[in-house]
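Colleague: Here is my input, please return the structure:
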Amino acid sequence: MSLHIPNINEQAKIGNMLKILDQTITLHEEKKRQLERLKSALLQKMFADKSGYPAVRFKGFDDIWDQEKLNSLVRLHRGLTYSPNNVQDSGIRVLRSSNILDGQFVMTDDDIFVKSSVVNIPTVKDGDILITAANGSIKLVGKHAIISGISENTAVSGGFMLVGSSRIPDFVNSLFDTSWYQRFIRKYVTGGNGSIGNLKKNDLDKQYVKVPTTSEQGRIGEFFREIDQLIINNQIKHEKLLELKKFLLQNMFI
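Modeller: Got it, this is the predicted structure:
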C-alpha cells in the first residue's frame, strides 16, 4: 500500500501530540469512573440503614431518621395517553424514556409533539422527576432524572412514564439511586418472557422509606447534585476531546 508520510521530525511531533491527547482522554475516563464509584459508595453510607442512622452524615445532624411512605415525599402522576393521529411537528413535547440518558435529562431531535388540545394532564416543570414506568426492555424500567431546561407549559410526560413532584427533588432523586430502590424494582416490576416491564404507581406510593429532617434532606440532595454535575462535566470534556481527536486525525493526515 502506498502512503503519504511526512519527514521523521514531523512524524514524531504528530505522534507525540496524539499520544498526549490519548492520555488526556484516558485521564477523564478514569476520573469519571472514580466519581461514579465514589457516588455509589456514598449512597450506601449516607442513607439510613435498619438502625435509622446513616454511617456517614454531615456535621450538625444527629437525629434518627423517621420511616414514612414515599408518597409523603413525592407526588407521582401518570403520563399522557395519546394516539398517532395526535402527533405533529410542533406543539406540546412528550417526554419519554429516551429523554433520560445516564441518569440525566436530555431533549433530543427525536422528541415527538402532540396537539395542545389533547393534553388533559398538568405540564411538567423544572425540578420534577421523570421516571420510566414501562418499557419493552425491563432493564430500562425505573430509570429516572430531574427535568431541567424546560419552559413552562411546553411538555408533558408520555403514557409509559411517571412524573414526581417534590419539595426537595434532589434528595428524592438520590434516594432512587440507592439499593432500596434497586430492590424495589427487582421485586415489583413485572415483565419478562417478551412482556413489557411495568412499574405501578400505587406500588411505589406505598413503599416505606427512612427519611431525615428537611434540612438534612436538602444538604444530602445538594451534595449528590454536585457530584452528578462533576460527572457530567467530565463526560462533556471526554466527548469534546474525542471530537478533537477525530478532527485532528481527519485534517493532519493526507
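
Colleague: could you list every residue that touches the closest residue to Pro212 other than its chain neighbours?
Modeller: Counting by C-beta to C-beta, 6 or more residues apart in numbering, Trp65 is the residue found nearest to Pro212 once chain neighbours are left out, at 4.9 Å. Bear in mind the C-beta positions are built from the backbone N, C-alpha and C, glycine included. Contacts for Trp65 (C-beta atoms under 8 Å, 6 or more residues apart in numbering) come out as Ala48, Gly52, Tyr53, Pro54, Lys210, Val211, Pro212.

Colleague: Now do Gln217 against Gln23, distance only.
Modeller: Separation of Gln217 from Gln23 (C-beta to C-beta, to the nearest Å): 41 Å.

Colleague: Which one of these two is surrounded by more residues?
Modeller: Per other C-beta atoms under 10 Å, whichever of Gln217 and Gln23 has more neighbours is Gln217, with 21 against 9.

Colleague: Helix or strand: which one has that one?
Modeller: Here Gln217, judged by DSSP states H and E, is contained in helix 214-251.

Colleague: other SSEs contacting that helix?
Modeller: Secondary-structure packing of helix 214-251 (3 or more C-beta pairs under 8 Å, 6 or more residues apart in numbering; DSSP states H and E): helix 8-45, helix 169-175.

Colleague: can those go into JSON lines with extra columns for mean pLDDT and distance to Phe105?
Modeller: Putting the helices and strands packed on helix 214-251 into JSON lines (pLDDT from 0 to 100; distance: least, C-beta to C-beta, whole Å) gives the following:
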{"stretch": "helix 8-45", "mean pLDDT": "95", "distance to Phe105": "17"}
{"stretch": "helix 169-175", "mean pLDDT": "97", "distance to Phe105": "10"}
